[in-house]
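S.K.: Sequence below, structure please.
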Amino acid sequence: MITEEQLDQYRVDSTLLRVIRDVSPANDVRGIVVAWDDETVLIRKKNRRVVKLARGYVYQPYENERPPAFMLPQETITPDDLSDEAE
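M.R.: I've put the predicted structure just below:
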């Protein structure tokens, strides 16, 4: 869970955050911290809409790369797989 000090620092610096909710990058929320309480964080997105998210999610600066532990597994394509598709 993200700490009060981290949230306050992100709010004061207006740091653009990535909130990782699951393994799919399409479900990430991007925005800045507006407010928080013991259980939730309010994030303002670029379109100015506010989203209320649980504090248990992963909050990181958007400029940092997404951790590999939160990425979907990548299947490797072998040449044999490609030849099957051509038929």
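S.K.: Can you tell me what sits against the longest helix seen in the chain?
M.R.: Using DSSP state H to define each element, the chain has its longest helix at helix 4-13. Here helix 4-13 makes contact (CB atoms under 8 Å, 6 or more residues apart in numbering) with 15, 17, 32, 33, 34, 35, 36, 41, 59, 61. C-beta: built from backbone N, CA, C; applies to glycine.
S.K.: Quick check: the farthest pair among those residues?
M.R.: The span of these, defined through CB to CB, is set by 35 and 61 at 18.7 Å.
S.K.: just the helices in this protein please.
M.R.: Using DSSP H, helices in the chain cover 4-13, 79-86.
S.K.: Which of the ones you listed has the lowest mean pLDDT?
M.R.: Ranked by mean pLDDT, those bottom out at helix 79-86, with a mean of 54.
S.K.: Low-confidence bits of this protein, can you list those?
M.R.: Scanning the chain for pLDDT under 70 picks out the ranges 72-87.
S.K.: at 90 instead, please
M.R.: 1, 23-24, 67-87 (pLDDT under 90).
S.K.: which residues in it form strands?
M.R.: Using DSSP state E, the strands assigned to the chain run over residues 17-20, 29-36, 40-44, 50-54, 58-61.
S.K.: any idea which of those is most buried?
M.R.: strand 17-20 (a mean of 21; mean count of other CB atoms under 10 Å).
S.K.: Quick check: neighbours of that one in the sheet, parallel or antiparallel?
M.R.: strand 29-36 (antiparallel), strand 58-61 (antiparallel) (DSSP bridges).
S.K.: Make TSV from these and add distance to residue 70 to it.
M.R.: As requested, those are exported to TSV (distance: least, CB to CB, whole Å):
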stretch	distance to residue 70
strand 29-36	13
strand 58-61	7
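S.K.: Of those, which is nearest residue 68?
M.R.: strand 58-61 (12.6 Å).
S.K.: how distant is stretch 25-44 from the center of its chain?
M.R.: Relative to its parent chain, stretch 25-44 has a centroid offset of 9 Å by CA atoms, centre = their mean, to the nearest Å.
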